[in-house]
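Visitor: sequence and predicted structure are below.
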Amino acid sequence: MPPKRGEEDEQKLQALLLADSFTRTFRPVTLERPKVLCPLACVPMLDYTIEFLAAAGVQELFIVCANKAERVKQHVRRTQFPSSISVECVTTHGGTAGDALREVDNMAIINSEPFILISGDVISNMNLKKAIELHLINRKLDPECAMTKVLKEAGANPSLRSPAHDLVITMDAETRRITHWQDDVEADTVTLSPELLAEQRGRDFETRYDLLDCGIDICSYEVLGAFSDNWDYQNLRGDFCRTEVGNIELGKRIYAHVLPHNEYAAKVEDFRTYAHITADVVKRCVHPFAPDNNFYGGVAFRSQRYNCYREDGTDVDRAAHVGEDTVLSRGVKIGPNSRVERCVLGRNCVIGENVHLTDCILWGDVTVEDGVSAECSILCDRVVVHANAIVPRGCVISIGCVVDEGMALPPFARVTRRPHDSLHDDDDDTDDDDSGGDFDEDEQNDEFDGGGDFGNRPPSPVASPLSAASNRTTFTDPTIVGDDGIGRLWSPNEEDDDSDEDDDDEGEVSVFDALTRMGFDAMKRESWGAHEVDEWLAGLHNEFPPDLDDLGEDPVLERSGMDPLSDIQDFMNTVSDMIQDCVHGLGDDDVAGADFSDLLMEVKSLKFSQNKDWEDCLAGFAQGLLVLAGTKAVAAGAAGEAVDAASRNAAIMELRRLAIPMAPMGRKMVQSEADELGVIKAVEAFALSTAPEIWAPQFRFALQIFLQAELLTDDGLLLWVTMRRTGAQDAPEAELFNKPDTQAFVDWLEESDDESESGDDSESDSEDGSDSDAD
């Protein structure tokens, strides 16, 4: 219900979290564990979402539980969340998101205006407060505004795109009101109604095919009422958004908030996006949500070079190789001559000799014996893969399964220990009435130990298949997992056969059929390692009709005369001019003691008025300092002569003189390590094209000055180092990066980082020794 008049200032910001996606894209794992409790980089997905909401100022959170509700409630009871947010679970019994929202509306627990509606499998570091403010502004200007949807630009990058969705939206170019919503994988064209065109007459609008629905919505109270009034609404995307947006005269109005490129939000749709989002977390793309953030009470990772993270208590043989982008949890053992690259290994995983693991995710208590090869696969809790077995790309081995010695699974296989007849009962819930009675004891052990004891349980007796021997003939196929294996192949056809009702949120069956007609197997399209699907998705977003290609530019931008890159450069030039004008106005003697608060306010105002990023502000800030210092170099040299070493040294001295006193202003614009890249890219641009005769030889010294002024940090520079090492090596920036002077600076930087880490380790060891002596 809406808040009462006069209560707006006292109400708490509330959020509804859907703990069930009401889809089947995570089967067969969700036959045994709720999706939101599956670990992502060693932390349950649900905990990322709750931490994100708490950081955004949400004070009351209601978790809407459906499938396996008791397990979600148990996890919430056992986990200590930030004290600023109260968490309460409510149980619904409907089979769709629409049914769940109708039940919540009947409970009358939401009185916040607005409230947040979010899926429990969303990983994000976005500025939610800014989105809420935008919704309130939209609401004030348009009382019919009922929802602001958070969208993320994806472009042609297929990594976070799910083939189950093919979103096309049209929105007003100025207000961002969504006027057309289409999410149909079978549609080849977009048809705009005459009513829409008539309404938009004289106004610019955009049709976007490059946006992802992030699963985060800022809602007014009318949204719940709309679901209660319309029982045909079963899901948000296919029913609510499409119908309300299409009803131009009477429908609820929905607005878009498109995230800037330095903010991250993504929804775990299937195993494919699960793996890609895990990789993004490991690569620190979702900072501060990185493994070494340790916001979850029971984990204690330390960051090492090349995005490697370790907990204490790992045992890695000297002859083993651990590559980049790898997470090793406590209790992990890796034998000699094994290679582990771009993998996440949960607690108590044991890797034998001569094992090759590439792009794999292992949950907890997983045993991989000698000679096993696995790639692009997910091995859930207590899985055992015996010696010399092969796990090819796209495989998902569910909880407690065993692959016998020498067996080779088929690509994209999904293996489960659950019998076929447990599928339908599982949807009805719960632990109290589960048809797979032989699994109850194991299922109780599958839960995370909350409240700071994540993974502290002893290893389970998984190496022996006898724990399920009494029911092997029901759920084991020896042709797949071997004579001593446990498990059988799961197929989405089981879901179709067992279900008489369409209870999937996004129409999974029709999507399966559509993609099958396109030549893609239903399992492959949502599996990790399906590179063909990635290429197909990228092709969809790169193919334009020939008449558009002939234009050479985006027709919308060409018509309006806009160029996104030149627009950003114009903004940076404006900030640079502001810096130069301020310094010239102060004179040479007054820079050191000057107050730059007014200048900072002007830059901020310009940023918000043009919707730019802090990285762009810092790039313009650094550009202004480099121009001023370069002017000093030219003045120091002889007229008409090339810039010599003395002139370049004069530029460096001038840059230091300006950067030190002005750095506090710049630091106030640094919101994350990624923002520091704006400073580095500005120095790169001056060294490569703007004034290479001055700054190419002085590139490393310019970076050192900004580091000395604390406008750059070690972490920000190491992020740049990683970006340049993994980027295109034929780019001019890579050539500059690989110069001996730059590499000497990088070596010094990494050695300093290593010394800092070793200092932390020795301090930790001394503390441990002191404790031991005290004992």
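Guide: That came in fine, so what should we check first? Here the structure is a predicted model, which is why all the values come from computation and not from measurement.
Visitor: which strands and helices sit next to the helix or strand where E195 lies?
Guide: Assigned by DSSP states H and E, E195 belongs to helix 194-199. Helix 194-199 is packed against strand 178-183, with contacts defined by 3 or more CB pairs under 8 Å, 6 or more residues apart in numbering; DSSP states H and E. From N, CA and C alone the C-beta is placed, and that goes for glycine too.
Visitor: who are the packing partners of the strand it packs on?
Guide: strand 167-172, helix 194-199, helix 242-246, strand 253-259.
Visitor: so of these, which one's packed in deepest?
Guide: Burial of the helices and strands packed on strand 178-183 is given as mean neighbour count (mean count of other CB atoms under 10 Å); strand 253-259 ranks first at a mean of 22.
Visitor: average model confidence for it?
Guide: Per-region confidence: strand 253-259 scores 90 on mean pLDDT.
Visitor: how far does it sit from the chain's center?
Guide: 19 Å (CA atoms, centre = their mean, to the nearest Å).
Visitor: quick one: average pLDDT of the next helix or strand after it?
Guide: Using DSSP H and E, the helix or strand that directly follows strand 253-259 along the chain is strand 265-267. For strand 265-267, mean pLDDT is 92.
Visitor: how far does stretch 483-494 sit from the chain's center?
Guide: 31 Å.
Visitor: again, but for stretch 131-141
Guide: That offset, for stretch 131-141, works out to 25 Å (CA atoms, centre = their mean).
Visitor: state the mean pLDDT of that stretch.
Guide: Here the average pLDDT along stretch 131-141 is 88.
Visitor: which positions within that stretch qualify as buried?
Guide: By neighbour count with 16 or more other CB atoms under 10 Å, stretch 131-141 contains the buried residues A131, I132, L134, H135, L136, N138, R139.
Visitor: chain center to the helix holding E195, what's the gap?
Guide: Relative to its parent chain, helix 194-199 has a centroid offset of 37 Å by CA atoms, centre = their mean.
Visitor: following that helix, which helix or strand comes up?
Guide: Helix 194-199 is succeeded, C-terminally, by strand 205-208 (DSSP H and E).
Visitor: can you spell out which helices and strands pack onto that following strand?
Guide: Using 3+ CB pairs under 8 Å, 6+ apart as the test, strand 205-208 ends up in contact with strand 167-172.
Visitor: packing partners of the strand it packs on?
Guide: Packed next to strand 167-172, using 3+ CB pairs under 8 Å, 6+ apart, are strand 178-183, strand 205-208, strand 211-219, strand 253-259.
Visitor: dump the ones you listed to TSV, plus distance to E144.
Guide: Output for the helices and strands packed on strand 167-172, formatted as TSV (distance: least, CB to CB, whole Å):
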stretch	distance to E144
strand 178-183	13
strand 205-208	18
strand 211-219	14
strand 253-259	5
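Visitor: nearest to C65, of these?
Guide: strand 211-219 (17.1 Å; CB to CB).
Visitor: residues of the helix or strand that comes right after that closest one that come out buried?
Guide: Once the chain leaves strand 211-219, the next helix or strand it forms, by DSSP H and E, is helix 222-229. Within helix 222-229, the residues that qualify as buried by neighbour count (16+ other CB under 10 Å) are E222, V223, L224, G225, A226, F227.
Visitor: where does the fourth one sit relative to Q610, distance-wise?
Guide: In this view, G225 and Q610 are 37 Å apart by CB to CB, to the nearest Å.
Visitor: need the helix or strand of the protein with the lowest average pLDDT.
Guide: helix 555-560 (a mean of 36; mean pLDDT, DSSP states H and E).
Visitor: and the next helix or strand after that one, what other elements does it pack with?
Guide: Sequence-wise, the next helix or strand downstream of helix 555-560 (DSSP H and E) is helix 564-586. With contacts taken as 3+ CB pairs under 8 Å, 6+ apart, helix 564-586 sits against helix 597-610, helix 614-636.
Visitor: count the neighbours of N493 for me.
Guide: The local packing of N493 (other CB atoms under 10 Å) involves 10 other residues.
Visitor: and R284, that one's in a strand?
Guide: No: under DSSP: H, G, I helix; E, B strand; the rest coil, R284 falls outside any strand and is assigned coil.
Visitor: report the contact partners of it.
Guide: A290, N307, E673, L719 (CB atoms under 8 Å, 6 or more residues apart in numbering).
Visitor: what does H257 give?
Guide: A131, L134, H135, T148, K149, V150, L151, R176, I218.
Visitor: ok, of the residues you listed, which one's closest to F412?
Guide: Nearest to F412 among those, with distances taken as CB to CB, is L151, at 30.2 Å.
Visitor: quick one: the closest one and L259 touch, right?
Guide: Yes: counting by CB atoms under 8 Å, L151 sits close enough to L259 to count as a contact (7.0 Å).
Visitor: right, so of the helices and strands packed on helix 564-586, which gets closest to H356?
Guide: Of these, the one closest to H356 (CB to CB) turns out to be helix 614-636, at 38.8 Å.
Visitor: could you give the angle of that closest one to helix 597-610?
Guide: Counting by axes from the mean of the first three to the mean of the last three CA atoms, to 10 degrees, helix 614-636 lies at 130 degrees to helix 597-610.
Visitor: buried ones in the next helix or strand after helix 614-636?
Guide: Sequence-wise, the next helix or strand downstream of helix 614-636 (DSSP H and E) is helix 645-667. Within helix 645-667, the residues scored as buried using 16+ other CB under 10 Å are 647-648, 650-652, 654-660, 662-663, 665-666.
Visitor: which two in the residues you listed are spaced the farthest apart?
Guide: Across the buried residues of helix 645-667 (CB to CB), the longest gap, 27.4 Å, separates S647 and M665.
Visitor: for A290, what are its contacts?
Guide: Taking CB under 8 Å, 6+ apart, one finds V281, V282, R284, S303, Y309 in contact with A290.
Visitor: would you mind confirming that the last one makes contact with S303?
Guide: Yes: with contact defined as CB under 8 Å, Y309 counts as touching S303 (5.7 Å).
Visitor: which of those two has more neighbours?
Guide: Y309 (22 against 18).
Visitor: helices or strands next to the helix or strand hosting that one in the packing?
Guide: Element membership for Y309 (DSSP H and E) is strand 308-310. Strand 308-310 is packed against strand 302-304, strand 326-328, with contacts defined by 3+ CB pairs under 8 Å, 6+ apart.
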